[in-house]
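J.: Quick one, structure for this:
(2 chains)
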2 protein chains.
Amino acid sequence: MTGTRERIVTATNELFRRQGYNGTSLKDITGAADATTGSVYHFWPGGKDDLTVEVLMTSGAAYGELFEAVLDEDDDIGRAVAAFFDAGADVLETTDFIDPCPIGTVAREVASTHDGLRAAAHAVFDGWVDVGAARFERAGLPPERARELAAVVIAAVEGGFVLARTTRDTAAFRAIGRQLHVLIDATLAATERIGR
Amino acid sequence: MTGTRERIVTATNELFRRQGYNGTSLKDITGAADATTGSVYHFWPGGKDDLTVEVLMTSGAAYGELFEAVLDEDDDIGRAVAAFFDAGADVLETTDFIDPCPIGTVAREVASTHDGLRAAAHAVFDGWVDVGAARFERAGLPPERARELAAVVIAAVEGGFVLARTTRDTAAFRAIGRQLHVLIDATLAATERIGR
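T.: Numbers count the residues shown, from 1 in each chain, chains lettered A, B, ... in the order given. Here you go, the predicted structure:
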């Protein structure tokens, strides 16, 4: 049986994906997790914001590992990025377009109002950019360019989720993956030409 | 003197940029607009959600016109897109990183919970994609490819705002604009090669 702490983290993550940070009350969380308010404060003395940091960090780490795994599945990094978008599109379709990534929604809600949560989201995004940058470097790009390209991929994923969820359609999301494939190939080809 | 209706729309827009839809109460709105709750219901009988639709549509139209104006300023569409990102970065820096676009935040918060607001955000994003697609077509791309590339630009803007606001830094945001410039040039060059 799942422990109370884990149930609370999972329920909070799911609620954030459907209704965001400000739309989720502590009562929503305890109801969905079948837990008491006292248990939330037992595990997270700072309450909802402490819990939110843990949700952002744990789901951020899980997504970082997934991103890494998908990129490592194909030696062609452009094709791997396109596959990552196709996988995201499949998730959107099979989950009735709830947000695959609670971090992006929460980040935009709290960036100007809760600095601790902003910093947690920053750490998560930085970790993802690190993952992408390492793969682009391995594919032959200089470090700065590799980091820029990784930021483009992460931004396009996050922005793509907004488009897909509002249109309730993944066509544009899949197309973004294909377009990034074109960009990555063009950038790698230009780097090779300079390197020769 | 500004009318009550306009004051309410402006105040709501500003509040959404700082704290999102669910983080903004009707009381916050009437306080910031120096208006009564009765006046909100006078102009928007459906209350907060009716008002929110108007905020999304009016700020969406304003951004659409801005996007159009920036793209029309330069015959080199890739350079124009990069300039649009630089302009966005300047706004982020001069406004202490509040959200330049309330629509993206609100869209992610409400996409699974308020279908009328989701549809309004959808209409706004579609309008922006139309603007970009028309310019990419004029630059020589076939309609389908033009639309895909426009969706990439809009997604990268929206996702770029998340990265910039959480890192409180515009370096990655400006870099995204430069990378899209590379993508656009590569796509136009490939289309020309096929066309010959």
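
J.: use CA for all of it now, contacts and neighbours both
T.: Noted.

J.: Poorly predicted segments of chain A, please.
T.: By pLDDT under 70, the low-scoring segments of chain A are A:1, A:195-196.

J.: ok, the residue positioned nearest the centre of it - contacts?
T.: Nearest to the centroid of the C-alpha atoms of chain A, with distances taken as Cα atoms, centre = their mean, sits residue A:101, at 4.8 Å. By Cα atoms under 8 Å, 6 or more residues apart in numbering or on different chains, the contact set of residue A:101 is A:17, A:158.

J.: Phi and psi next, for it.
T.: Dihedral angles phi and psi of residue A:101 (degrees, to the nearest 10) take the values phi -130, psi 100.

J.: Pull up the gap between it and residue B:56, please.
T.: 23 Å (Cα to Cα, to the nearest Å).

J.: Equivalent analysis for residue A:177, please.
T.: When Cα to Cα is applied, the distance between residue A:177 and residue B:56 equals 27 Å.

J.: same question, residue A:128
T.: 31 Å.

J.: more crowded one of those two?
T.: Of the pair residue A:128 and residue B:56, residue B:56 is the one with more neighbours under other Cα atoms under 10 Å in any protein chain shown, namely 25 against 22.

J.: In what element of secondary structure is the closest residue to the more buried one other than its chain neighbours found?
T.: Across the structure, with Cα to Cα, 6 or more residues apart in numbering or on different chains as the measure, the residue nearest residue B:56 apart from its sequence neighbours is residue B:103 (5.9 Å). With elements taken from DSSP states H and E, the one containing residue B:103 is helix B:102-110.

J.: What segments of chain A are helices?
T.: In chain A, helices defined by DSSP state H lie at A:4-19, A:26-33, A:37-43, A:48-72, A:77-94, A:102-110, A:115-138, A:143-167, A:171-195, listed in chain order.

J.: What angle do helix B:4-19 and the helix holding residue B:103 make with each other?
T.: Orientation of helix B:102-110 against helix B:4-19 (axes from the mean of the first three to the mean of the last three Cα atoms, to 10 degrees) gives an angle of 70 degrees.

J.: I'd like the distance from helix B:102-110 to the chain centre, please.
T.: Put simply, helix B:102-110 sits 10 Å off its chain's centre (Cα atoms, centre = their mean, to the nearest Å).

J.: Which secondary structure elements does that helix sit against?
T.: helix A:4-19, helix A:102-110, helix A:143-167, helix B:4-19, helix B:48-72, helix B:115-138 (3 or more Cα pairs under 8 Å, 6 or more residues apart in numbering or on different chains; DSSP states H and E).

J.: Can you pull out the residues in contact with the fifth one?
T.: Here helix B:48-72 makes contact (Cα under 8 Å, 6+ apart) with B:9-10, B:12-13, B:26, B:40, B:44, B:77, B:80-81, B:83-84, B:102-103, B:116-117, B:120-121, B:124-125, B:127-128, B:131-132, B:135.

J.: swap in the fourth one?
T.: With contacts defined as Cα under 8 Å, 6+ apart, helix B:4-19 is touched by A:109-110, A:112-113, B:23-24, B:28-30, B:32-33, B:35, B:39-40, B:43, B:51-52, B:54-55, B:59, B:98-102, B:105-106.

J.: let's go with 6 Å and repeat that
T.: When contacts are defined by Cα atoms under 6 Å, 6 or more residues apart in numbering or on different chains, helix B:4-19 is touched by residues A:109, A:112, B:29, B:32, B:33, B:55, B:98, B:99, B:102.

J.: Please identify which of these is nearest to residue A:145.
T.: For residue A:145, the nearest member of the contacts of helix B:4-19 is residue B:99. The distance, counting by Cα to Cα, is 26.4 Å.

J.: residues touching that closest one, list them.
T.: residue B:17.

J.: mind redoing it with 10 Å?
T.: Residues counted as contacts of residue B:99 (Cα atoms under 10 Å, 6 or more residues apart in numbering or on different chains) are A:108-109, A:111-112, B:14-20, B:91-92, B:105, B:158, B:161-162, B:164-165.

J.: Same question for residue A:128.
T.: Contacts were defined as Cα under 10 Å, 6+ apart; by that measure residue A:128 touches A:60, A:61, A:63, A:64, A:65, A:67, A:68, A:122, A:150, A:151, A:153, A:154.

J.: Neighbour-wise, give me the winner out of those residues.
T.: Within the contacts of residue A:128, most neighbours by other Cα under 10 Å means residue A:151, with 28 neighbours.

J.: how many neighbours does the residue nearest to it when sequence neighbours are not counted have?
T.: Taking Cα to Cα, 6+ apart, and ignoring the residues beside it in sequence, residue A:151 has residue A:129 as its nearest neighbour in space, at 5.8 Å. Residue A:129: 23 surrounding residues under other Cα under 10 Å.

J.: Residue A:129 and residue A:145 touch, don't they?
T.: No: checked against Cα atoms under 10 Å, the pair residue A:129 and residue A:145 is beyond contact range at 11.8 Å.
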